[in-house]
Structure formats: C-alpha cells, structure tokens
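**Q** Sharing a model that was predicted from the sequence below.
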Amino acid sequence: MLQKYSQFMKEANLIGGEWVQADSGATIDVINPATGLKIGIVPKSGRAETKRAIEAANQTFLSYRKTSALERSKLLRKLHDAIMDNQDSLAELLTLEQGKSLAEAKGEVGASAAYVLWFAEEARRTYGDVVPSPWADRRILVTKEPTGVIAAITPWNFPSSMLARKIGPALAAGCTAVVKPASQTPYSGLAWGALCEEVGFPKGAVNVVTGAASEIGDELCEHPLVKKITFTGSTEVGKILIAKAASTVKKVSMELGGNAPFLVFDDANLERAVEGAIAAKYRNSGQTCICTNRFFVQAGIYDAFVEKFSAAAAKLKIGDGSEAGVQQGPLIDEKAVEKVEELVADAKEKGGTIVTGGKRHALGGSFYEPTVISNASPVMRFMKEEIFGPVAPVFKFESEEEAVDLANDTEYGLAAYFYTGDLGRAFRVMEGLKYGMVGVNEGIITTPEAPFGGMKESGLGREGGHQGIEDYLDTKYVSIGGLGL
Ligand SMILES: NC(=O)C1=CN([C@@H]2O[C@H](COP(=O)(O)OP(=O)(O)OC[C@H]3O[C@@H](n4cnc5c(N)ncnc54)[C@H](OP(=O)(O)O)[C@@H]3O)[C@@H](O)[C@H]2O)C=CC1
Ligand SMILES: O=C(O)[C@H](O)CS(=O)(=O)O
C-alpha cells in the first residue's frame, strides 16, 4: 500500500523550480535509524549545483523582494495550512528518516506550522521609523529592506522545525533561500521545497540541495550573492562557517551546541520537577541542543529526586518510532551510541552509580536505555561535553551560590532550567544564570513567540519572537532635502 509520506519523499534537489539530479549522477543513501535499512536515495550535489541554486534564488529575489508584506503574509498562511493538512504524512516521513516517535514527529511538524504562522503575522510588522529631523528643510526616514539570498544549513535532530525558523522569517521578510538539510535526514528538508512550490511561492524562492556538506557549505559561504548564513548544528561546524562567511562579510545566525543545567532546590515541588526533568532530558532520546546535560539537585531532596526520576525514566517505552505508544526511538547512528558509551564508561570509572539503564537496549542497533547516573562529579566528561543521548548525570549541591556557579561552569550558554518554590530565589537564580533561555519550574520552553538562542559558544542571533525576523532585514536611513519646506 502506498505510504502517506511517499508524496513528499523527493529523491531529487530543487533548483530554480526544477527537481533535478546531481550533475555527476552520484547519490547518498538514506537510512532508517530504527532498522538500519535503506529507505531511499538523494542526490550528492556539490559546488556547481549550489552555485546554480544561489543564482536562481537571486534571480527570484529581484522580483520577490517587491511583493507586498500582505502578499507574503497570505502565502505563508497558505504554507501553514498545507503543512497542517499534511501533518501525518510529514510526521511519518520524519520518523522514518530520523527515528523519533510519531508523537514527537507530529509535534515537530506542528511546531513548523506554528513558526510559519508566527512569521506570516510578523511579515506585516517590519516597521521602520520617521525620525524628527534636526533640519527644518529635511525629513528623515528609516526603512527595513529584505537582506537578499540566505543560506540555511540544518541538523538531523529536528529536520523540519529547524527549517521553519529559517525559511519562515526569510520568506516573510522578502528574502529567498538555498537550503542544505542534514544528509541523514534530507527528506523533511526537501518536503519544504515541495510545500512552498504547492502553495504558490515563485520558482527559485526556496531551493534545496543535498550532498557533500563541506563542498555545498563552501559555495554558500564564499558566493557573493549569499548575504546571510543561518546555521543550526554543532559549535565546531558553526565556527567553520563563521570564519568562511567573513570573506564576503555575510550576516550569520548560529544556533549551536548546548550543555543545559537543571537545578532542583530543596523547596521545589518534587513531582513537578521530576515531570519536567523527564521532558527536558529524554525528548528526542536526549538529542536536542536544549536537553538537560547536567542535573544539580540540592542535598535535602537528592535521594528522593534520584529515586522518583530514575523510576520514571525506566518506564519510558523504547522502540521503533513508527510503533504506537513508543516514547523513545533510536539514536541517529552507531557513532552517537559509541559517544554515549564512552561518556557512561568515564562516569563509572570516576565513581558514578548507574541507577537505571547504562547500556545498549536489547533491541540492538542504535537503541540505548534511558539512563540515570547518581554520585556524578565535576571531574566527569559530562560536566563539559554535550551528551546528545538519553543519559542523565545527577550531581549534588549544598548552597544556591554553589549551584549557580556549577551551572555556569561551561563555555556554552543555550538553555537552563531550575525548580524552586521561593520567588526571591527564582529571581536571584534567573538573573545569575548565563544562558539565552531559562525555564523556571518548566522543562519544555520552546515556542514561536519567544526568541530561541544562546550566549557564549552556543551561538549568535535569535530565532522566533519579533527578534527572529530582524536578521533577515537591512536597515536603511534616508535623509530627504530639497523639499522647499
Ligand atoms: N542550538 C540549536 O538549536 C541546535 C544545536 N545543535 C547541535 O548540533 C549538534 C548535532 O547536530 P549535527 O547535525 O551532528 O551537527 P553538525 O554540525 O555536524 O551538522 C549540522 C549540519 O551542518 C552540516 N555540515 C557539517 N559540516 C559542514 C561544513 N564543513 N560546512 C557546511 N555544512 C556542514 C551537516 O551536513 P551533513 O549532514 O551533510 O554532514 C548538517 O547539515 C550538537 O552539537 C547539537 O547541540 C543541533 C540542533 C539544534
Ligand atoms: O534542535 C534542537 O535541539 C531544537 O532547537 C530544540 S527545540 O527547538 O525543538 O526545542
């Protein structure tokens, strides 16, 4: 029987409105992480195809930039509706290539639509200014104009919603885009091209190329017609892109790695804290940049928290994300599991206690048991390294000051969470944490209305909120004389 997702499973690249193969005919296999089986292929494009995509995007930009904000807003609303009308198919495709549970995949597709709807509204609010002139015979205007062709490079962990946070504001502002999805999860990115085509965005507005990351990346970073690079992925790759983008002084938005702390104070609501901890740790099998990486629990509540938290983790249903009721899918690949195994072994060598999990799941492949490790200590690699897997080290602390110092002891600054029932403590800790996003008594905080982004080496810029469209606009100051005033 034809699977619902097949209509979106594009085994081609979208360049200037045409679905094409790589010039060389080379392809990349796409693997289902739950089964290890090949689900399809995509073109292995390189610099030449990327150059053509950039030129097509620029040709379309010359006319698309002149569309009215209202026109762009209406197109984005149609895109929102198309995503929601196809939510089940897009979610099936996402689970097939990324492995997350269908429930989480549907949630991610819903988030994609929500970001598009938000930017459909923001499109009509890119206000400028009329400034009181210091000259009686002149008038001063400040206007906002679309930046131009933007390049979007996205990771495998949220292959749909990461694009929503880039394509949404770009199209809202009047920009056009060249997209490079992650090679392990290309179909959700290619589906964006199909959806934009379906709702009537002009050919060349959104171009999607798959293939050799460094080749495509180099062309995107070096081509003078690309005016902005927006990237979500590792800090390591982000630094490469920032350096390469400097050659043509491109704007950059970077959503990079994280090392989220999760503080639980003695005065916290324990049930609420455990519920938030499960959500903040095990979403997408721990493979999100804002998943908790380090739990810090005050001494008075430590044992009770570890007991309840590990019991809840042990109950999570592991399996193929396409199966009903599954809460935890596989990790993205064997390399990801090996990294998790290294970090767990390091913790055990340094005195950590495995309370639950701590090994590969009986299902085999890249399935790993939800894991809780007590007696965690700052000498463990968890303290500095992003786990990107379903492993929760729980550290103990005594004082509020110690907790905030431990939480801030990292070069990252993306998301942080803490639970307390004390209002004064809430403000002291919120203001003391050096993170771009803070959850207070909440473990899930992402929403289109709020600016998503980090401090320090977690990145530059914000996605979502009214801030999210600013990076796709150029500010122009106009001084008008000769008016005979
Ligand atoms: N701050 C945030 O919002 C998020 C941050 N992340 C971070 O990303 C990491 C996990 O995601 P992962 O996909 O492995 O990250 P990577 O940085 O390895 O890859 C992200 C994207 O960059 C591409 N890429 C890799 N090397 C280059 C290059 N030299 N030039 C251009 N593009 C390149 C990849 O292509 P290809 O797939 O072909 O290699 C992929 O599309 C973690 O550190 C996580 O914290 C992830 C999601 C969100
Ligand atoms: O890639 C990620 O980790 C996402 O940014 C997490 S979220 O936006 O889905 O919360």
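**A** The structure has been received and is ready for your questions. Ligands and ions are numbered 1, 2, ... in the order given.
**Q** Run through the residues that contact the one residue sitting closest to the centre of the chain.
**A** Taking C-alpha atoms, centre = their mean as the criterion, residue 162 is the residue nearest the geometric centre of the chain, at 4.3 Å. Contacts for residue 162 (C-beta atoms under 8 Å, 6 or more residues apart in numbering) come out as 154-155, 232, 255. The way it works is simple: take the backbone N, C-alpha and C, and place the C-beta from them, glycine included.
**Q** what's the answer for residue 317, then?
**A** 325-328.
**Q** Near ligand 1, which residues of the protein are found?
**A** Contact residues (C-beta under 6 Å from any ligand atom) of the chain with ligand 1: 153-157, 180, 182-184, 213-214, 217, 232-234, 237, 240, 255-258, 289, 386, 388, 414, 459.
**Q** Filter those residues down to the ones in helices?
**A** Those of the residues of the chain next to ligand 1 mapping onto helices are 213-214, 217, 237, 240, per DSSP state H.
**Q** the helices in the stretch 251-400 of the chain, which residues?
**A** For the stretch 251-400 of the chain, applying DSSP state H, counting those that start in this stretch gives helices covering 270-282, 302-314, 334-349, 400-408.
**Q** quick one, which of these is packed in tightest?
**A** Among those, ranked by average contacts under mean count of other C-beta atoms under 10 Å, first place goes to helix 270-282 (a mean of 21).
**Q** Need the contact partners of that one.
**A** Contact with helix 270-282 is made by 260, 262, 264, 290-292, 295, 301, 304-305, 308-309, 312-313, 316, 327-328, 370, 390, 392, 417, 419, 439, 441-444, as judged by C-beta under 8 Å, 6+ apart.
**Q** mind running it again at 7 Å?
**A** Contacts of helix 270-282 from elsewhere in the structure, counted by C-beta atoms under 7 Å, 6 or more residues apart in numbering, are 262, 264, 291-292, 295, 301, 304-305, 308-309, 312-313, 316, 328, 370, 390, 392, 417, 419, 441-444.
**Q** Pull the number of nearby residues for the residue nearest to residue 125 when sequence neighbours are not counted.
**A** Nearest residue to residue 125 in three dimensions, chain neighbours excluded: residue 466, at 7.3 Å (C-beta to C-beta, 6 or more residues apart in numbering). Residues lying near residue 466 (other C-beta atoms under 10 Å) number 14.
**Q** Could you check the helices of the stretch 251-400 of the chain and tell me which one is nearest ligand 2?
**A** Each of the helices of the stretch 251-400 of the chain has some distance to ligand 2 by C-beta to the nearest ligand atom; the shortest is helix 270-282, at 9.9 Å.
**Q** tell me how far the longest helix along the chain is from the chain's mean position?
**A** What stands out as the longest helix in the chain, according to DSSP H, is helix 102-122. Between the centre of helix 102-122 and the centre of its chain there are 12 Å (C-alpha atoms, centre = their mean, to the nearest Å).
**Q** what's near enough to touch residue 299?
**A** Taking C-beta under 7 Å, 6+ apart, we find residue 299 in contact with 396, 398.
**Q** Now do it against ligand 1, distance only.
**A** Residue 299 is 30 Å from ligand 1, where distance means C-beta to the nearest ligand atom, to the nearest Å.
**Q** and if you look at residue 329?
**A** Going from residue 329 to ligand 1 by C-beta to the nearest ligand atom gives 16 Å.
**Q** what about that residue, neighbour count?
**A** The local packing of residue 329 (other C-beta under 10 Å) involves 27 other residues.
**Q** Pop out the phi and psi values for the residue nearest to the centre of the chain.
**A** phi -70, psi -30 (degrees, to the nearest 10).
**Q** coming back round to it: now the residues of the chain next to ligand 1: which count as buried?
**A** With burial judged by 16 or more other C-beta atoms under 10 Å, the buried subset of these is 153-157, 180, 182-184, 217, 232-233, 237, 240, 255-258, 289, 386, 388, 414, 459.
**Q** In strands, which of the residues you listed fall?
**A** Among those, the ones falling in strands (DSSP state E) are 153, 180, 232, 255, 459.
**Q** my read: the last one touches residue 256, true?
**A** Yes. Proximity of residue 459 to residue 256 meets the contact threshold set by C-beta atoms under 7 Å, at 4.2 Å.
**Q** coming back round to it: doesn't residue 122 make contact with the residue nearest to residue 125?
**A** Yes. The pair residue 466 / residue 122 is scored as a contact, 6.4 Å apart, by C-beta under 7 Å.
**Q** circling back: between residue 459 and residue 256, what contacts are shared?
**A** residue 238.
**Q** how far away is residue 453 from residue 286?
**A** In this view, residue 453 and residue 286 are 21 Å apart by C-beta to C-beta, to the nearest Å.
**Q** One more: residue 368?
**A** Shown here: residue 368 relative to residue 286, a distance of 9 Å by C-beta to C-beta.
**Q** intersection of neighbour lists for those two?
**A** With C-beta under 7 Å, 6+ apart, residue 368 and residue 286 have common neighbours 389-390.
**Q** what about the stretch 151-300 of the chain, any weak spots by pLDDT?
**A** For the stretch 151-300 of the chain, no stretch has pLDDT under 70.
**Q** Write out the residues of it neighbouring ligand 2.
**A** 157-158, 161-162, 288-290.
**Q** Could you single out the nearest of the residues you listed to residue 199?
**A** Nearest to residue 199 among these: residue 161, at 18.1 Å, using C-beta to C-beta.
**Q** what's the residue lying closest to residue 59 once chain neighbours are set aside in contact with, if anything?
**A** Nearest residue to residue 59, sequence neighbours excluded (C-beta to C-beta, 6+ apart): residue 204, at 6.0 Å. Contact analysis of residue 204 by C-beta under 7 Å, 6+ apart lists 16-17, 56-57, 59-60, 176.
**Q** On the three-state scheme, residue 204 is what?
**A** Classification of residue 204 using DSSP: H, G, I helix; E, B strand; the rest coil returns coil.
**Q** switch to numbering from 49
**A** Shifting the count to begin at 49 puts that one at residue 252.
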